[in-house]
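Asks: build me a model from this:
(chains A and B)
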There are 2 protein chains.
Amino acid sequence: MITVSYRFPAGADAAKLAKVIAIGQTVGSWGAEFSHRAQAMAAHTAQVLDIQPQADGSHIARIGFPRINTENDIASLLTMIFGKFSLAGPARVMAIELPDDYGTGAKFGIEGIRAKLEVHDRPLIMAIFKPALGLSAQDHADLLSQVAPEGLDLIKDDEINFDLRTAPTLDRVKACHRVLEELRQKQGRDLLYAVNISGRADQIVDTARRLQDAGANALLLNVLCFGYSVLEALAAHPDVEVPIFAHPALSGAIGGATDGSSDYGIDYSVLLGTLMAYGGADAVLVPAHYGSLPFAAQSEFRIRDILRNPPAGRRKVLPVPSAGVTPGITRRALADYGNDVALNAGSAIFDHPLGAAAGVRAFFQALDAVKHQRPLNAAVDHPRELKTALEKWGGD
Amino acid sequence: MITVSYRFPAGADAAKLAKVIAIGQTVGSWGAEFSHRAQAMAAHTAQVLDIQPQADGSHIARIGFPRINTENDIASLLTMIFGKFSLAGPARVMAIELPDDYGTGAKFGIEGIRAKLEVHDRPLIMAIFKPALGLSAQDHADLLSQVAPEGLDLIKDDEINFDLRTAPTLDRVKACHRVLEELRQKQGRDLLYAVNISGRADQIVDTARRLQDAGANALLLNVLCFGYSVLEALAAHPDVEVPIFAHPALSGAIGGATDGSSDYGIDYSVLLGTLMAYGGADAVLVPAHYGSLPFAAQSEFRIRDILRNPPAGRRKVLPVPSAGVTPGITRRALADYGNDVALNAGSAIFDHPLGAAAGVRAFFQALDAVKHQRPLNAAVDHPRELKTALEKWGGD
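Replies: This is a model prediction of the structure:
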């Protein structure tokens, strides 16, 4: 069974609406002429499991849907649970509980990404190429060669950097691949570059193959902009042999108010947690409540817990708190996430006053400071890269 | 240039936010080390065109984005204009103006659909198979054989009817194809059955080919659930040789309040108008304000106007007002739409007290009554099918 929790705002007739969903989103009405199909109809009909009043006057109704109404994917799931009903007035999907083997699990997840990096005992450090647009492919390689030797684990394109004339995706991969090969020779380790995959949905696996052939060792996908079905296509296909980093771009258009209070849409824990995990993402970028976006800590933690607590037999998905992440938030991030996290920074690395290499070093210095319980305060005597970062962006 | 209108609610610093979008959603910040790339950066940067205060205290800012930041598709467009910024607080995308040749135009549109049906001078009548789930493929064929001889133009699956064991999609197509062949032999005309296409994104064109080979002459797609990129894949591929009917399922999760007043998300005119038209849909189902969903007439009309006023060289897209459509709304629908519309009914056809054939006849009788300026009132002396429908569902 697929169990979905809907929130109806105060004043709505929750019992009636729950029934409308259970019937209207499955079999609908039928006449006496189909009485001989009653058994089949019943097998496809959803059931209202319970309705709980909330302190604010809203109600949360749980509805159980037959799995046989879906194709074991996200698109048919979304159509069933919220397709037409999303247009019926205020209602918000708060949670989806799926059967353990529903959808597509991560091919790599935290474990697989760590295995590729051979880093098992600390948080991962990730950079975002900045500026986002206007650099050549070789500029990207030059930036990469500044940060790669400093121990950086991961780097990604800005999500708006597509297959554009100034730096075609394949050229970025090729140029950066040379830097990564050099890193492997010199340091005997890999760094994953999540290149922004894009283009036609029907050709997405071919595109992934082409990028892999050119050396791509990770992919970034704007899942909400392309559709979960494109994530699933990449995740399910055996030829895609690199981890997929899911970007939350556009999730705010469905999630609404960043404190999760919207009466419409789908909760962020579902969009960036459940649907990503069951859609096959290996890592998910999540707006960090320490950062520049006004995201609720509670939403972030629910996503974290969903990603890292997969059903039996599935891999844990890596949470990547992002947007405005600087070394100064490291203590709080580690308190919240422990080791199984990637700290992902654009400006804090590439706009570091002492240069991008110093930007990476500042993060490792922050990890070290936290380990030795030294406060992340600019007044404390830290190595100069970290001190400079704390002076510029603050910390605690 | 791509021009996007954003609405910021009263109290927001519209000038500041508009600037954040223009810079933050394109190049972002860059340091002196990239001064030699200033020209490239400038070419990728968006510009705030104007900011207009609205009567309710909100502001509408128009921002012009360089087309070169996109891949000429919907996914890169959405990432650029609202990707990260959708998470930055209340802001709603109200309108998108695209270059005339942006994206993918309809292969068929109104003209192509009419050519297939050889119906040029009246609104089209469309049915939705009911009940939605639990019928066998042969049940679908039996239902079709009840309504096809009555002059019905179009029929579609319920959007939640997927490739399920009770009636696999290919079986539905095959069973219904036999009925449509018979119709062609007896009446010398075609009826289009928009079968619900689903499955993996990377295989979607193969799936379309298989359905076409079995006789499918139209497709239905839950565009928001699969992603606009799946619509574009179908629309752009030369092997897809049948019209695509776009379903609005899930659009409420992004559109929010059905009067368009939400502070978040993307306006319905963009979701069901602009993005469908530039994504290659031939017909779009739109919630009818006469019907069972609380949709605003103004939203419906804006969608209608966008769909039917394509740029030069592109085909008009067919609007299909849907959900709770009965013969009783025909006068109002024709006043609003004229001839270039399909009236789409599920219950009003398949739950007609005198049977589904009578349900279709009632719609044609309603068209005739409107033509002869007879009020759609149950008290008026109408043919019994129409009279029965008006008694059951009302009219004016």
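Asks: can I assume residue A:125 sits in a strand?
Replies: Yes: counting by DSSP: H, G, I helix; E, B strand; the rest coil, residue A:125 is part of a strand.
Asks: ok, now which ones touch the closest residue to it other than its chain neighbours?
Replies: Nearest-residue entry for residue A:125: residue A:363, 4.8 Å, with adjacent residues in sequence omitted and distances by CB to CB, 6 or more residues apart in numbering or on different chains. To be clear about C-beta, it is placed using only N, CA and C from the backbone, and glycine gets the same treatment. By CB atoms under 8 Å, 6 or more residues apart in numbering or on different chains, the residues touching residue A:363 are A:125, A:327, A:330, A:343, A:345, A:348, A:349.
Asks: at 7 Å instead, please
Replies: A:125, A:327, A:343, A:345 (CB atoms under 7 Å, 6 or more residues apart in numbering or on different chains).
Asks: give me the pLDDT value at it.
Replies: The model reports residue A:363 with a pLDDT of 98.
Asks: and for stretch A:214-222, what's in contact with it?
Replies: By CB under 7 Å, 6+ apart, stretch A:214-222 touches A:156-157, A:159, A:170, A:173-174, A:177, A:190, A:192-197, A:208, A:230-231, A:234, A:242-247, A:249, B:75, B:79, B:83.
Asks: please apply the same query to stretch A:320-336.
Replies: By CB under 7 Å, 6+ apart, stretch A:320-336 touches A:123, A:126, A:283-288, A:290-293, A:300-301, A:341-345, A:348, A:362-363, A:366-367, A:370, A:376, A:386, A:389-390, A:393-396.
Asks: going through the residues you listed, which ones are buried?
Replies: Neighbour counting by 16 or more other CB atoms under 10 Å in any protein chain shown classes A:123, A:126, A:283-288, A:290-293, A:300-301, A:341-345, A:348, A:362-363, A:366-367, A:370, A:376, A:386, A:389-390, A:393, A:395 among these as buried.
Asks: show me those residues that map onto helices.
Replies: A:300, A:301, A:348, A:362, A:363, A:366, A:367, A:370, A:386, A:389, A:390, A:393 (DSSP state H).
Asks: JSON lines for those, including distance to residue B:87?
Replies: Formatted as JSON lines, those follow (distance: CB to CB, whole Å):
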{"residue": "A:300", "distance to residue B:87": "12"}
{"residue": "A:301", "distance to residue B:87": "17"}
{"residue": "A:348", "distance to residue B:87": "18"}
{"residue": "A:362", "distance to residue B:87": "25"}
{"residue": "A:363", "distance to residue B:87": "23"}
{"residue": "A:366", "distance to residue B:87": "25"}
{"residue": "A:367", "distance to residue B:87": "27"}
{"residue": "A:370", "distance to residue B:87": "27"}
{"residue": "A:386", "distance to residue B:87": "28"}
{"residue": "A:389", "distance to residue B:87": "24"}
{"residue": "A:390", "distance to residue B:87": "26"}
{"residue": "A:393", "distance to residue B:87": "20"}
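Asks: of all these, which comes closest to residue A:135?
Replies: residue A:348 (18.4 Å; CB to CB).
Asks: wait, what's in contact with that closest one?
Replies: By CB under 7 Å, 6+ apart, the contact set of residue A:348 is A:325, A:326, A:327, A:359, A:389, A:393.
Asks: against residue A:300, how distant is the first one?
Replies: In other words, residue A:325. Plainly put, residue A:325 is 12 Å away from residue A:300 if you go by CB to CB, to the nearest Å.
Asks: and for the two, which residues touch both?
Replies: By the contact definition CB under 7 Å, 6+ apart, residue A:325 and residue A:300 are jointly contacted by residue A:288.
Asks: for the closest residue to chain B within chain A, which non-adjacent residue is closest in space?
Replies: Per CB to the nearest CB, residue A:227 is where chain A lies closest to chain B, at 1.7 Å. Distances taken as CB to CB, 6+ apart put residue B:227 closest to residue A:227, at 1.7 Å, once the chain neighbours are dropped.
Asks: ok, that neighbour touching residue A:231?
Replies: No: using CB atoms under 7 Å, residue B:227 makes no contact with residue A:231, being 9.3 Å away.
Asks: list the residues that contact the residue nearest the centre of chain A.
Replies: By CA atoms, centre = their mean, chain A has its centre lying nearest to residue A:284, at 2.3 Å. Contacts for residue A:284 (CB under 7 Å, 6+ apart) come out as A:246, A:272, A:276, A:307, A:317, A:319, A:320.
Asks: and residue A:66, by the same measure?
Replies: Residue A:66 is in contact with A:1, A:43, A:44, A:46, counting by CB under 7 Å, 6+ apart.
Asks: next, count neighbours for the last one.
Replies: When neighbours are defined as other CB atoms under 10 Å in any protein chain shown, residue A:46 has 25 of them.
Asks: cool, and the third one?
Replies: For residue A:44, the number of neighbouring residues by other CB under 10 Å comes to 24.
Asks: mind listing what it touches?
Replies: Residue A:44 touches A:26, A:27, A:66, A:68, A:69, B:133, B:134, counting by CB under 7 Å, 6+ apart.
Asks: change it to 6 Å
Replies: A:26, A:27, A:66, A:69, B:133, B:134 (CB atoms under 6 Å, 6 or more residues apart in numbering or on different chains).
Asks: spell out which parts of the stretch 251-396 of chain A neighbour chain B.
Replies: By the rule CB under 6 Å from any CB of the partner chain, the part of the stretch 251-396 of chain A lying against chain B is A:252, A:253, A:254, A:256, A:264, A:265, A:266, A:287, A:293, A:294.
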